Structure formats: C-alpha cells, structure tokens
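1. sequence first, predicted model second:
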Amino acid sequence: MTSPGECNCDGPGLLALDQAVARAVALCRPVTDTDDAPLATAAGRISAAPLVAPEPMPRFDHAAMDGYALRGEDLGGSGPWPLPVTGLAAAGGAAPAANSGPHALRILTGAPVPAGLDRVVMQEDCTAGDGMVTIRRDPGPGANIRRAGEDARAGQILFPAGRRIDAVAVALAAIAGRPVLPVVRRTRVGVMTFGDELVAPGAPPGPAAIHDSNRPMLLAALARPDVAAADLGALPDDQAIITAAITDAAGRFDLIVSTGGASVGDRDHLKPAFLAAGGTIEGWRVAMKPGKPVMFGRIGGAVFLGLPGNPVAALLGLRLFGTAMIRRLQGRPAEPPPVMAAAGFTHGRRAGRTEFLPARLSCQPGRQPAVVTTGGSGAARLVPLVAATGFAVIPAAQDTVAPGDPVGWLPFADTDLSGDPS
Ligand SMILES: Nc1nc2c(c(=O)[nH]1)N[C@H]1C(S)=C(S)[C@@H](COP(=O)(O)OP(=O)(O)OC[C@H]3O[C@@H](n4cnc5c(N)ncnc54)[C@H](O)[C@@H]3O)O[C@H]1N2
Ligand code: MOO
C-alpha cells in the first residue's frame, strides 16, 4: 500500500517529487518583516508591496523627436507648407505661451508639447531659415508625441509585491519618484554539514577524510541579496551534538539546510537528532535521482531541509526544494515547471524516479534548442557540472531517453519567472 503522495517508483515509500516539493513549500510561512531598501542597494531584494504609479507615466505630453510642433489645421492644401517659427521648447524648459496664428514651434525631444499643437514633424522633413520653417512632409495627427499616461495611468500597479528588484524595477521606482522601496527582510538560512570524514579546505585530510565541499558550495549558491546565509559549521556524526546544533539554530533562522546523515547508515543521525530537538518530519525519501534521501520538516519557527551528503544530490536538492521554500518564505509565487525541450543525448535508465543529469542548452541556428548532457551522471561527480548550466530533467515515467525525446530543462539559477500572470 502507498499513502497519498507516495509512489512505488523505486521501492516503497518514496514521495513523488512534485508532491514532496509542494509539501515542503506548504510548511513555509511567508515572512512579514520588511526593510527599507534605498534604490542603490535594492537590486536582488524582493519587493514587499506593489509599486503604484503616483502620476500618469509619462507625466505630460512631450516630443519624441527633435523638430517642429504645429497644428494640422495650419497645413492647408498640399505642401510644402512654410510657417513662421515662434519659439523654442527644450526638455526641462517651461512651455512657451500659446500662439493663435499659423505657426510652428521649434521643439526638442523630451520638451512638453503645448496644448493645441497636435503633431511634431521631425527636422529631417523640414527646411529652416530666417525665422521660418518649410514642412515638406506631414506625419499626421499625434505623430512624434508621447502622450501623458500612455505607459501607465495614475494608480496603476507597475509591479506586484513579491517581484525580485531588478534594473527594470529600480527604473520604475525612480521614475515614480521613490528613492526607497519596501522589501521583504532577507531570508535567514543556516547551513550545516554532518560527517566524521569532513575537514575544512586548507586543513590536511587524513587517509579517510575529505574536504567539506558542500558547505561552501551551498553558501555560494545562497550568496544572493535576498538571502542572509550563515555558516553553522561541520559537525561530527554524533547525535547529541547534531541535536544541540539544530536546537540552537531553530530560533535564529527561517530555513536550516544540512547535508549528510540523511540516509539509513549506522552513522546517519539526522532523523533521530532532528526528532530529539523537537522537530516534526514531514517528508523523507523522494523519487528523484540523485538526491533520494532528502528530508524536510518543521522545528520551532523554522523549516528544515536535510539534503543528502553526495555533492550533486545536495546542489540539486537545494535547487529544487530550497529555491521553492525560499520563494514561499519571501511571499513569491511558485516557479513554473521546467520548460520542455528535445533531448540531444541518449541515456539508458529504468523508469521510476525523476532523473537529473548535468546539461546545457545547445542552440544551433535554425533549429529548436536541444538539451545536451555534459559528461555523465553520478551523485558524487562534480566535474560534469563544470560545463553545465542546469539539469536535463527526465520524467519519472520515461525509460531510456533517445535523441529528440522531450525532456525538461532546469537552469541552475531560479528563473525568476513566476507561474502567475502577475
Ligand atoms: N543502504 C542504503 N544506502 C544508501 C542509500 C540507501 O537508500 N540505502 N542511499 C544512498 C544515497 S542515494 C545517498 S545520496 C547517500 C546519502 O546519504 P547521506 O545523506 O547519509 O550522506 P552521507 O552518507 O553522509 O554522505 C554521502 C557521501 O557524500 C560525501 N559527503 C558527505 N558530506 C559531504 C560534504 N559536506 N562535502 C563533500 N562530500 C560530502 C560522503 O563522504 C559520502 O561519500 O546514501 C547512500 N546510501
Ligand atoms: O540520491 Mo543519492 O543522491 O543518488 O547518491
């Protein structure tokens, strides 16, 4: 028997990947604390409120070209049309007084167009001299005038809460006159690794030791303006020490991420240590390859993500679970599922678990993009990731993959797209 959300894909008791991610995300409550971010340091933070246009954008009708502003009614019959030039309007200058007779106003790009003038003729279509301008071509009503409010009306939402602040959002805030934006407080993530075999880079490893690569790797992956990641160190395979470390971290972080000790070996202490610290396990073992022994749960006010020790499994687990959990903690909508593309590789496998292979997108002129693998699979092999920019995603139900078969494409970085039209 399997319970809801479980599958028998690779032995009993594995959670189906999508349901496992949804379950982990459901544990996360959006953080409501906010900070004020000056525009100079706002990039990469998450907006805590919609940005509303305080005024129409643009604020006033203005010239889109250097040339001459005039009224269509002053262009009688067929051209060319000579008109007296009655003044100059430049960007930043006050609009000249209205003039009732037939005339043209010399106007420069960005200058307000006085009421009544209904078109701007670009200067390439004019001949000017001696206080006169001859219009050789009428561009028609409204030409070369950017109308007030044509980009946004006053009160319009320019971007919603939950948007990652990028160059476009900074530009919109600035043009709306806002020097500071409310942003979601940085998501506090603590990273710890477990393993008696781990020594820090720089320290000489004993015969059975390895350098701890997961902690610097995960901290590097979390080095983002919207996240405050803290290094909680490498801990020995000692249940009491792990319990104490988890207990201490629970009150200080929104999300605690660990690697190692998640499987079933005699020294895999994560589950008992987590339970002893007062945590509740909400999921363990997922139908994915690599990364099957992933565990997640709640402890105090924090959520916990226990990733496997194998480095590729740890990186992938952070990308799939950590990214989705952080999005929810930040009040952001879920990322859409991976886009599908044609496989540019062959891969023998058995259906059951969703499989992830280091890959990149190959874009050849005139052809659809293909996903190509970059040197093999393996939960512990970091080197194939060097040439990769993401993972090929082989659906759980698929067995051997042949070139042209549909596979998913999961870039390493959160795409910043959302599943919502907002
Ligand atoms: N009988 C079974 N054995 C294993 C299973 C299973 O289902 N039944 N699952 C395997 C899978 S899949 C994985 S993944 C690993 C994950 O187990 P753990 O999370 O307990 O990880 P460890 O055993 O601690 O480490 C696995 C591997 O990764 C190396 N490692 C650990 N931490 C780091 C680090 N910080 N930096 C670099 N490398 C690290 C560690 O030395 C091991 O080689 O379990 C399988 N076994
Ligand atoms: O799931 Mo494990 O990460 O394959 O080695």
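-> Everything's here; your move. Ligands and ions are numbered 1, 2, ... in the order given.

2. could you check how far Pro102 is from ligand 2?
-> 80 Å (Cβ to the nearest ligand atom, to the nearest Å). Bear in mind the C-beta positions are built from the backbone N, C-alpha and C, glycine included.

3. correct me if wrong: that residue contacts Asp74.
-> Yes - counting by Cβ atoms under 8 Å, Pro102 touches Asp74, with 3.9 Å between them.

4. need the overlap of contacts for the two.
-> Common neighbours of Pro102 and Asp74 (criterion: Cβ atoms under 8 Å, 6 or more residues apart in numbering): Leu83.

5. per-domain residue ranges of the chain.
-> Split into domains by automatic domain parsing, the chain comes to 6-33+187-329, 35-52+158-183, 62-146, 339-411.

6. just send these back as JSON lines, with distance to ligand 1 and mean pLDDT too.
-> Below are these laid out as JSON lines (distance: least, Cβ to the nearest ligand atom, whole Å; pLDDT from 0 to 100):
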{"stretch": "domain 6-33+187-329", "distance to ligand 1": "2", "mean pLDDT": "94"}
{"stretch": "domain 35-52+158-183", "distance to ligand 1": "27", "mean pLDDT": "97"}
{"stretch": "domain 62-146", "distance to ligand 1": "57", "mean pLDDT": "94"}
{"stretch": "domain 339-411", "distance to ligand 1": "5", "mean pLDDT": "94"}
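
7. now render these as TSV, adding mean neighbour count.
-> Shown next, in TSV, are those (neighbours: other Cβ atoms under 10 Å):
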stretch	mean neighbour count
domain 6-33+187-329	20
domain 35-52+158-183	17
domain 62-146	16
domain 339-411	17
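
8. which ones are touching Gly301?
-> Ala250, Gly251, Asp254.

9. closest to Ala98 among these?
-> Distance to Ala98 across those (Cβ to Cβ) is lowest for Asp254, with 60.3 Å.

10. before we move on, the earlier item: now render the domains of the chain as JSON lines, adding distance to Ala152.
-> As requested, these are exported to JSON lines (distance: least, Cβ to Cβ, whole Å):
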{"stretch": "domain 6-33+187-329", "distance to Ala152": "26"}
{"stretch": "domain 35-52+158-183", "distance to Ala152": "6"}
{"stretch": "domain 62-146", "distance to Ala152": "12"}
{"stretch": "domain 339-411", "distance to Ala152": "30"}
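
11. so where does the nearest residue to Leu255 once chain neighbours are set aside fall, helix or strand?
-> Spatial nearest neighbour of Leu255, excluding adjacent residues (Cβ to Cβ, 6 or more residues apart in numbering): Val189 at 4.7 Å. Assessed by DSSP states H and E, Val189 sits inside strand 187-194.

12. over to Asp231?
-> Going by DSSP H and E, Asp231 is part of strand 227-235.

13. give me the beta-bridge partners of the closest residue to Gln123 other than its chain neighbours?
-> Using Cβ to Cβ, 6+ apart and skipping residues adjacent in sequence, the residue nearest Gln123 is Gly67, 4.5 Å away. The residues listed as beta-bridge partners of Gly67 by DSSP bridges are Ile107, Met122.

14. Gly67 contacts Ala111, doesn't it?
-> No - between Gly67 and Ala111 there is no contact under Cβ under 8 Å: 10.6 Å.

15. can you list the strands that the host helix or strand of Glu355 pairs with?
-> Here Glu355, judged by DSSP H and E, is contained in strand 354-362. Strand 354-362 sits in its sheet next to strand 288-289 (parallel), strand 370-373 (antiparallel), strand 390-394 (antiparallel), going by DSSP bridges.

16. returning to what we had before: what is the strand holding Asp231 packed up against?
-> strand 187-194, helix 214-221, helix 239-250 (3 or more Cβ pairs under 8 Å, 6 or more residues apart in numbering; DSSP states H and E).

17. what would the ones you listed look like in CSV with distance to ligand 2?
-> Below are those laid out as CSV (distance: least, Cβ to the nearest ligand atom, whole Å):
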stretch, distance to ligand 2
strand 187-194, 15
helix 214-221, 12
helix 239-250, 20
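
18. nearest to Ala343, of the ones you listed?
-> Nearest to Ala343 among the helices and strands packed on strand 227-235 is helix 214-221 (26.0 Å), distances taken as Cβ to Cβ.

19. now the closest one, how far from the centre of its chain.
-> Centroid separation for helix 214-221 versus its chain: 19 Å, with Cα atoms, centre = their mean, to the nearest Å.

20. now the nearest residue to Pro406 once chain neighbours are set aside: which helix or strand?
-> In this structure, Pro406 finds its nearest non-sequential neighbour in Met340, 4.8 Å apart by Cβ to Cβ, 6+ apart. For Met340, the element it lies in under DSSP H and E is strand 339-343.

21. adjacent strands (with direction) for that strand?
-> Paired strands of strand 339-343, with direction, are strand 370-373 (parallel), strand 406-411 (antiparallel) (DSSP bridges).

22. how about those, which one is nearest Ile107?
-> Closest among the strands paired with strand 339-343, using Cβ to Cβ: strand 406-411, at 46.7 Å.

23. which residues touch the closest one?
-> Contacts of strand 406-411 (Cβ under 8 Å, 6+ apart): 319-320, 337-343, 356, 359, 361, 369, 371, 389-395, 398, 401.

24. 7 Å instead, please
-> With Cβ atoms under 7 Å, 6 or more residues apart in numbering as the test, strand 406-411 has contacts from 319, 338-343, 361, 371, 389-394, 401.

25. tell me how far it lies from the chain's centre.
-> Centroid separation for strand 406-411 versus its chain: 17 Å, with Cα atoms, centre = their mean.

26. these two touch, right, Phe304 and Gly283?
-> No - using Cβ atoms under 7 Å, Phe304 makes no contact with Gly283, being 10.6 Å away.

27. where do the contact lists of those two overlap?
-> Going by Cβ under 7 Å, 6+ apart, residues that sit against Phe304 and also against Gly283 are Phe296.

28. ok, residues contacting stretch 333-349?
-> So stretch 333-349 is contacted by 162, 323-324, 327, 355, 357, 362, 368-373, 392-394, 399-410, 414-415, 417-420 (Cβ under 7 Å, 6+ apart).
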